[in-house]
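# here are the coordinates; sequence isn't available:
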């Protein structure tokens, strides 16, 4: 597997990442309806273009299988192709982000217990909780710091 920061965010790459995002969200964000996923999906390309550091993971065939975005020592996004879960890829990405970008914080949906457990397993602890997400939707968020 190869992990690296993307320098040029082509429309082809963004489309590939959007597909990974969609598949990942459908597999892990079970609290979202299809309509909600489709609504959120409209904003993902903008987030992918705007995040300071966009890092991807490729398999041995140079196919993108996961990505993350970081900014100001925060993990802004981390999504893996569902077929690639439980293989240590997420852990490798987080370790890469800690080492190369000084990641210390992440925000996660409380209703995504797999993600919450993943971050706790890697040493993050919750320091704040909100009833709604940043857009005011009724999805509680956990703000976690690396301890």
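Received, thanks. These figures come from a predicted structure and were not determined experimentally.

# Now do the buried residues in stretch 92-108.
93, 94, 96, 97, 98, 101, 103, 104, 106, 107, 108 (16 or more other C-beta atoms under 10 Å). C-beta: built from backbone N, CA, C; applies to glycine.

# With stretch 130-145 instead?
139, 141, 142, 144.

# Give me the residues contacting the one helix or strand in the chain whose mean pLDDT sits lowest.
The least trusted helix or strand in the chain, going by mean pLDDT, DSSP states H and E, turns out to be helix 34-41, with a mean of 82. Helix 34-41 has contacts (C-beta atoms under 8 Å, 6 or more residues apart in numbering) with 18, 21, 22, 25, 26, 29, 32.

# mind listing what the residue nearest the centre of the chain touches?
Central residue of the chain (C-alpha atoms, centre = their mean): residue 78, 1.6 Å from the mean position. When contacts are counted by C-beta under 8 Å, 6+ apart, residue 78 touches 66, 67, 68, 69, 90, 93, 94, 106.

# I'd like to know how far the residue lying closest to the second one once chain neighbours are set aside sits from residue 123.
Looking back up the chat, that one is residue 67. With sequence-adjacent residues excluded and distances taken as C-beta to C-beta, 6 or more residues apart in numbering, residue 67 is closest to residue 56, at 4.7 Å. To residue 123, residue 56 is 24 Å away according to C-beta to C-beta, to the nearest Å.
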